[in-house]
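Engineer: this one's sequence-less:
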């Protein structure tokens, strides 16, 4: 099993959720109004100085589903030109 942490611009929320549904993802945890700064992006602090915010999704997936997610999300990220979207893949040791 693998775990994914997906962080993306809030404006992409509908598209990201649609892609996950297309992949067959049935469960996830989502955070709205996530603040922070990427390595190569300006801060998003939801204030007058640094407007905007992100969403974040964490999910676990069996390997066959994980490969499907990676493929779809890589194509999505490529279409965006790497802006406003980041996916982190983590090994999942145990799920209780």
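Structural biologist: Here it is on my side, so go on. Every value quoted in this text rests on a predicted model; they were computed, and no experiment measured them.
Engineer: which residue is nearest the middle of this protein?
Structural biologist: For the chain, residue 6 is the residue whose C-alpha lies nearest the centre (CA atoms, centre = their mean; 2.0 Å).
Engineer: Quick check: which element contains the residue nearest to that one when sequence neighbours are not counted?
Structural biologist: In this structure, residue 6 finds its nearest non-sequential neighbour in residue 57, 4.6 Å apart by CB to CB, 6 or more residues apart in numbering. Bear in mind the C-beta positions are built from the backbone N, C-alpha and C, glycine included. Counting by DSSP states H and E, the element that carries residue 57 is strand 54-61.
Engineer: How about residue 70?
Structural biologist: According to DSSP H and E, residue 70 maps onto helix 63-80.
Engineer: Give the buried residues for the following helix or strand past that helix.
Structural biologist: Counting by DSSP H and E, the next helix or strand C-terminal to helix 63-80 is strand 85-91. Residues of strand 85-91 classed as buried by neighbour count (16 or more other CB atoms under 10 Å): 85, 86, 87.
Engineer: Surely residue 22 touches residue 75?
Structural biologist: No: assessed by CB atoms under 8 Å, residue 22 is found out of contact with residue 75, at 11.4 Å.
Engineer: returning to what we had before: need the pLDDT of the residue nearest to residue 6.
Structural biologist: On pLDDT, residue 57 comes in at 98.
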